[in-house]
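> Let's see this in three dimensions:
(2 chains)
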Amino acid sequence: MGVLLSGQLLFAALSTGALYALIGLGLNLVYGTMRLLNVAHGDLVMIGAYIAFWGFTLLGLSPVFGIGFAALAGALLGWATYVCLFRRMLATPALLRRLEGNSLLIFFGISVILQNLAALAFTASPRGYLYLDEVYHLGNIAMTGNRLLALGVALVICLALYLLLRLHVFGLAIKALIERREAALIVGVNIDRVQLVSLCLGFAIAAVAGVLVSTTEQISPFMGFPFTISAFVVIILGGLGNISAGLAAGFLLGALQIYGVALTSASFQSVLVYGVFVAVLLLRPQGLLGRGRVLR
Amino acid sequence: MNRRQLLTGMLLATGIAIAGTAQAADPVRIGFSISKTGLFAAAAPSQLNAYELWRDQVNAQGGLDVGGTKRPIEFVVYDDQSNPAQAVRIYEKLITDDKVDLLLAPWGTPIHFAIAPVLEKYKFPMVGNSAASAKLRDIKPGYIWFPTSAIPDKMGVELAAMLKANKVSSIALLSSVLPFSKEIKSFLLPALDKEGIKVLVNEEYPPDVTDMTAMLTAVKSAKPDGVIVLSYPSDSVLYAKQAKELGIQAPFEFVLVGPTMDFFQKVLGSASNDIVTIGHWSPSRKDWPLAKPFYDAYVARYHEIPDHLDSALAYISCEILQQAVAKAGLDHEKLREAIASTTFDTINGPIQFKGVENVTTPTSFLQVQGDKIELVWPASVATAPYQPKTSW
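Now for the predicted structure:
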């Protein structure tokens, strides 16, 4: 049982959790503000990972700079998606009513297209590169440089976004849109702009998460799907559209996986995660930390 | 002549022209399905690359020798979406509708097994490659052959023997729950028992495992002489990265699937050094004169090393087909007899089949040594001595 108290496990739980929180955050922004079910979220993670990979192998560009490029590419993709696909739907009441279902289909299509474009362009072979692989020791905790970097960047982004939503007027506008769409419209929030920025931000965060993933594991065009699933588990655990609860749920999922496996066995990883997931859906459908408000 | 007649005439003329050129070139059409999408999509390029390299090499030399005449090779390829049922439909279509002259293998054990009855039904011979399971011996011999020697029952025995020979007296065993891993485990455990090697940790994990910290903490405190990880590519990398992080110090490190692939060394750097893995081919083997040229041609074309397991096997299956066709032509029965009875000269040395199995290549193990992958077991084929792993 001593292993449960070890800092090593805590570090593993934190770094796993921070990545889940980050990936959930991007999805939650897009779902919260527009009710778009982005099942291509994991594929944006994949795009970000490839940007970092090519930047590193072709240009010798550090993934730290890759973060900037990936964020930009993610935001551009978000902008194009919003302008070409969703702006009109969001502005038309008749289409808005069916948006959740329709967006699921649209993003499914986008997911298939992105995966296959990546496979065509880069081949489906897994790829990877070596970055910050020295092991650092803090007391008896061993930490690989790239995992530390990923943890640090994920924490900073999560915190920055949390503060933005709490303190900045634009963040408040995003929150207003998430909580009371019609009321936000009435008090003069520029809904179109907030929606556009939220989508760009959501996509950019996913792409940045991809850069972080690429420093720690190998990448392939089909790597995205598990991230999409984890992201949905996280935001449903936290409560759909509830940003800060989503962040907490990310860390909770990380802890659940690491400590759950340590207590039982690795074979129970999925049983534990989905067991808790189903239990939450049954007992607290508004999310673990949701306040029980109606979201629509 | 009105317009319609003119058009028909022109069409007819082009038709004849096309038919004419077709007759002059008269390509040999070779069909196969490949997993371009789905579960195996990341693994399948290693095989497709080898096929395409072989085709272009043969065509550059004037074409495939069909019982004396050289004809260019043309591929007929479909995506089976990693779905065995889809592959069955594709192979039926290739045989009955596309009427291809020859067949190459799809990717992976499940799909090989699924199409074996189709080959049997149409009496169409096909040399397999990327499939390995003791169950392949249950397949009715006749129209399918497996050049691999990495078959789980033999591997279990050989691995235990290799451990014993290198004075490994205790191991930790981590195993994915996927079929290939479980099959090897089922043969490895009794073999270890027989050699008197203690299993200090015996854990299984799901293929979507994201972190091994808890498992590896247990491995570290058990202090085994060897760690055997029956893993697939993604968890192979995860294991090596976290074993390095936690500083696991076992002189013998075995990782099942992954170390022979190009990305493994790129993503792990020196941490991949001295890891032992499965495989029976290495370009370092001097008395296999075709081995190094294949390696060099592959690297020159794709800018990555061939997967020492699957790319090599795929290329071997092409070589076998090529030599059999040169001897017997395209007639299915003659071809079947040729494949079943000839000793082939391949990048993996001489290969001969008995039933469905390759009976000449011994079950072997490879070790990553610097930027080379060397054969280290058994001694009869070794290209370099085994080195204990001293650091990550």
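> ok, residue 162 - contacts?
As the question left the chain open, I've gone with chain A. For residue A:162, the contacting residues are A:243, A:244, A:247, by Cβ atoms under 8 Å, 6 or more residues apart in numbering or on different chains. From N, CA and C alone the C-beta is placed, and that goes for glycine too.
> oops, chain B please
Neighbour list for residue B:162: B:276, B:365, B:377, B:378, B:386 [criterion: Cβ under 8 Å, 6+ apart].
> Next to chain A, which bits of the stretch 201-350 of chain B? Give me the list.
With Cβ under 8 Å from any Cβ of the partner chain as the criterion, the stretch 201-350 of chain B comes near chain A at residues B:203-206, B:208-215, B:217-218, B:233-234, B:237-238, B:241, B:244-247, B:261-263, B:266-269, B:271, B:304.
> how distant is stretch B:154-163 from the center of its chain?
Stretch B:154-163 sits 20 Å away from the centroid of its parent chain (Cα atoms, centre = their mean, to the nearest Å).
> same check, this time on stretch B:329-345
Worked out by Cα atoms, centre = their mean, stretch B:329-345 lies 21 Å from the chain centre.
> roughly how far apart are residue B:207 and residue B:340?
For residue B:207, the distance to residue B:340 equals 36 Å [Cβ to Cβ, to the nearest Å].
> Compare those two (neighbour count), which wins?
residue B:340 (18 against 13; other Cβ atoms under 10 Å in any protein chain shown).
> For the more buried one, give me its contacts.
Residue B:340 neighbours (Cβ under 8 Å, 6+ apart): B:145, B:353.
> Kindly recompute the last result at 10 Å.
By Cβ atoms under 10 Å, 6 or more residues apart in numbering or on different chains, residue B:340 lies in contact with B:125, B:141, B:142, B:143, B:145, B:324, B:352, B:353, B:354, B:355, B:356.
> swap in residue B:133?
Shown in contact with residue B:133 (Cβ under 10 Å, 6+ apart): B:109-110, B:112-113, B:139, B:146, B:148, B:151-153, B:179-180, B:183-184.
> Using JSON lines, lay out those together with neighbour count and pLDDT.
Shown next, in JSON lines, are the contacts of residue B:133 (neighbours: other Cβ atoms under 10 Å in any protein chain shown; pLDDT from 0 to 100):
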{"residue": "B:109", "neighbour count": "20", "pLDDT": "93"}
{"residue": "B:110", "neighbour count": "17", "pLDDT": "93"}
{"residue": "B:112", "neighbour count": "25", "pLDDT": "96"}
{"residue": "B:113", "neighbour count": "18", "pLDDT": "94"}
{"residue": "B:139", "neighbour count": "22", "pLDDT": "91"}
{"residue": "B:146", "neighbour count": "26", "pLDDT": "96"}
{"residue": "B:148", "neighbour count": "27", "pLDDT": "95"}
{"residue": "B:151", "neighbour count": "22", "pLDDT": "94"}
{"residue": "B:152", "neighbour count": "24", "pLDDT": "95"}
{"residue": "B:153", "neighbour count": "17", "pLDDT": "94"}
{"residue": "B:179", "neighbour count": "13", "pLDDT": "91"}
{"residue": "B:180", "neighbour count": "20", "pLDDT": "93"}
{"residue": "B:183", "neighbour count": "21", "pLDDT": "96"}
{"residue": "B:184", "neighbour count": "25", "pLDDT": "97"}
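> Pick the one among these closest to chain A.
Nearest to chain A among these: residue B:179, at 15.2 Å, using Cβ to the nearest Cβ.
> which stretches of the chain form helices?
Assuming you mean chain A. Along chain A, counting by DSSP state H, helices occupy A:7-34, A:41-59, A:63-81, A:87-91, A:93-97, A:99-122, A:145-167, A:169-179, A:181-186, A:191-216, A:224-238, A:243-263, A:269-283.
> Not quite, go with chain B.
Taking DSSP H, the helices of chain B run over residues B:3-25, B:45-60, B:84-96, B:109-122, B:152-165, B:179-195, B:213-222, B:233-246, B:262-268, B:291-302, B:310-328, B:332-341.
> I'd like to know which of those is closest to residue A:211.
helix B:262-268 (14.9 Å; Cβ to Cβ).
> For chain A, what's its nearest residue on the stretch 51-200 of chain B.
residue B:177 (6.7 Å).
> contacting residues around that residue?
Contacts of residue B:177 by Cβ under 10 Å, 6+ apart are A:266, A:267, B:185, B:204, B:205, B:206, B:207, B:209, B:230.
> swap in residue A:130?
For residue A:130, the contacting residues are A:56, A:146, A:215, B:265, B:266, B:267, B:268, B:269, B:270, B:271, B:272, by Cβ under 10 Å, 6+ apart.
> quick one on the thing from earlier: could you dump the contacts of residue B:133 into a markdown table with distance to residue A:256 added?
Putting those into a markdown table (distance: Cβ to Cβ, whole Å) gives the following:
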| residue | distance to residue A:256 |
| --- | --- |
| B:109 | 34 |
| B:110 | 32 |
| B:112 | 39 |
| B:113 | 37 |
| B:139 | 43 |
| B:146 | 43 |
| B:148 | 40 |
| B:151 | 39 |
| B:152 | 34 |
| B:153 | 39 |
| B:179 | 28 |
| B:180 | 29 |
| B:183 | 31 |
| B:184 | 31 |
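> State the distance from residue B:336 to residue B:115.
Remark: distance between residue B:336 and residue B:115 (Cβ to Cβ) = 16 Å.
> So which of these two has more stuff around it?
residue B:115 (27 against 20).
> Tell me the spatial nearest neighbour of residue 161, not counting adjacent residues.
Since you didn't name a chain, this refers to chain A. Spatial nearest neighbour of residue A:161, chain neighbours left out: residue A:25 (6.2 Å); criterion: Cβ to Cβ, 6 or more residues apart in numbering or on different chains.
> Sorry, I should have been clearer: chain B.
Nearest in space to residue B:161, with sequence neighbours left out and distances taken as Cβ to Cβ, 6+ apart, is residue B:195 at 7.0 Å.
> right, and that neighbour touches residue B:166 too?
No - between residue B:195 and residue B:166 there is no contact under Cβ atoms under 10 Å: 11.5 Å.
> sorry, back to before: pull out the buried residues from the contacts of residue A:130.
Among the contacts of residue A:130, those classed as buried by 16 or more other Cβ atoms under 10 Å in any protein chain shown are A:56, A:146, A:215, B:265, B:266, B:267, B:268, B:271, B:272.
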